[in-house]
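[1] Compute the structure for the input listed below.
(chains A and B)
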Amino acid sequence: METMQPSDSALISLYIAGKEEAFELLLERHKSRVFTTIMLIVRDEAVAEDLLQDTFIKTIHTMKGGRYNEEGKFSSWICRIAHNLAIDYFRREKRNPLLNLDTTSHAFNSLSLSEEGAEATITREETHARLRELIQDLPAAQKEVLIMRHYGEMSFQEIADATGVSINTALGRMRYALINLRKKMAAQPIFYDQNVYPRETDPVPIQRIAG
Amino acid sequence: MIKTFTHEKLIRYLYNELPADEQQEIEQALLHDPKLASHCADLLLAQRCLNDLRTTPSKKATDSILQYSRSFFRP
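    Predicted coordinates:
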C-alpha cells in the first residue's frame, strides 16, 4: 500500500518547529534535481557539490532564521537559489577561468559496472556525455529555461517571472530547446542506443493520453 | 472539427501545466491529428532523454548538509 508523503510545506513547518528529520526528507526529495540543475551549469562535480551545500545552507538559514516565505513553492525557491549560485560561479569562472579538461566523466556517470554490462555502461555514459554537450550548445536563453523547467521543476510562469520575460516567451524558448535537441539527437546515431532511445516512437502520444 | 492548438499550449501540456479541460482537448486532437501527434512524440522523446541525465550528489555532500543543519543554532 502506498503511504502518504507529507507535503514540502508540512515538512518545512516541522523543521522550523525543531524536527531535524523533516529536513532530511526535504533534502532527500530535492537533492537530485537541485544537483542536476547545478551540474548542467558548472559541469564540475566537486564544484556542484559545494554549490549544492551552499544552496541548502541558505535554505537552512532562511528557515531556521524565521524568514521563510510560505507564498511560493519550496521546489521553485530552492531551484532559483541553486540556479543563481551556479550562474554566479560560472560568471566568476569566465572572468578567471581554471582549466578543466574533463568535461565528459563526472557524477553524471553514476552507474557502476556491476549494475549493468560494461559495454552498455560505456555506451550509456557516452550518450549522456553527448547529450550534456548538446544542452551546452543550446542558446543561453533556451538552456536556462530548459534547466529551470525540466530539472528545477519551476513552472513556466515562475520562470517568466524569474527571467523577466512573458510566459509565451518562456514557453517558446522551451519549445525550441526541445526541438533543437531532438534535431541534433536525430542526426547522431549514438542516440539510437536501445537503453536511451526507446524503440516505440509512434505509440508515445497514445501512452501519454492513456496515462 | 479539429481544434488547432498553439505550440505554447502543447509545451504546457507536455509539462502538465494545462487545466484538465484543455488537457482533454489536446488529447482528443492528438488522436485525430497525425502531424500534431508526431510533433508531440518528437518533443516527448527529447523530454525522455533529458530525464536520463538526472543524477544524485554523493552521500558525503548530503551528510555535510545534514550535519550543518543539526549544528545550526537559531539566532
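[2] buried set for stretch B:12-28?
    B:12, B:13, B:14, B:15, B:17, B:18, B:23, B:25, B:26, B:27 (16 or more other C-beta atoms under 10 Å in any protein chain shown). In this view, the C-beta of every residue, glycine as well, is placed from N, C-alpha and C.
[3] Let's have those residues in a markdown table, adding distance to chain A and pLDDT.
    Shown next, in a markdown table, are the buried residues of stretch B:12-28 (distance: C-beta to the nearest C-beta, whole Å; pLDDT from 0 to 100):
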| residue | distance to chain A | pLDDT |
| --- | --- | --- |
| B:12 | 7 | 95 |
| B:13 | 9 | 95 |
| B:14 | 8 | 94 |
| B:15 | 6 | 95 |
| B:17 | 6 | 95 |
| B:18 | 11 | 94 |
| B:23 | 10 | 92 |
| B:25 | 12 | 90 |
| B:26 | 9 | 91 |
| B:27 | 5 | 91 |
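[4] Show me the two of those that sit farthest apart.
    Using C-beta to C-beta, the buried residues of stretch B:12-28 reach their maximum pairwise distance at B:15 and B:25, which is 16.4 Å.
[5] circling back: show me the buried residues of stretch B:12-28 that map onto helices.
    Counting by DSSP state H, those place B:12, B:13, B:14, B:23, B:25, B:26, B:27 in helices.
[6] Reformat the residues you listed into TSV and put distance to residue A:161 next to each item.
    Shown next, in TSV, are these (distance: C-beta to C-beta, whole Å):
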residue	distance to residue A:161
B:12	16
B:13	21
B:14	21
B:23	23
B:25	27
B:26	25
B:27	29
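[7] now, among these, which is nearest to residue A:63?
    Set against residue A:63, the nearest of these by C-beta to C-beta is residue B:12 (31.1 Å).
[8] Now do the contacts for the closest one.
    By C-beta atoms under 8 Å, 6 or more residues apart in numbering or on different chains, the residues touching residue B:12 are A:156, A:171, B:18.
[9] So the second one: helix, strand or coil?
    Look at residue A:171: counting by DSSP: H, G, I helix; E, B strand; the rest coil, its state is helix.
[10] With adjacent residues omitted, what lies nearest to it?
    Computed as C-beta to C-beta, 6 or more residues apart in numbering or on different chains, the closest residue to residue A:171 that is not its neighbour in sequence is residue B:8, at 3.9 Å.
[11] Any idea how many residues pack against that neighbour?
    Neighbour count for residue B:8, taken as other C-beta atoms under 10 Å in any protein chain shown: 17.
[12] same question, residue A:77
    By other C-beta under 10 Å, neighbour count at residue A:77 equals 19.
[13] Quick one: the helices in chain B, in order.
    B:7-14, B:20-32, B:34-51, B:59-71.
[14] What is the second one packed up against?
    Packing contacts for helix B:20-32, counted by 3 or more C-beta pairs under 8 Å, 6 or more residues apart in numbering or on different chains; DSSP states H and E, involve helix A:204-210, helix B:7-14, helix B:34-51.
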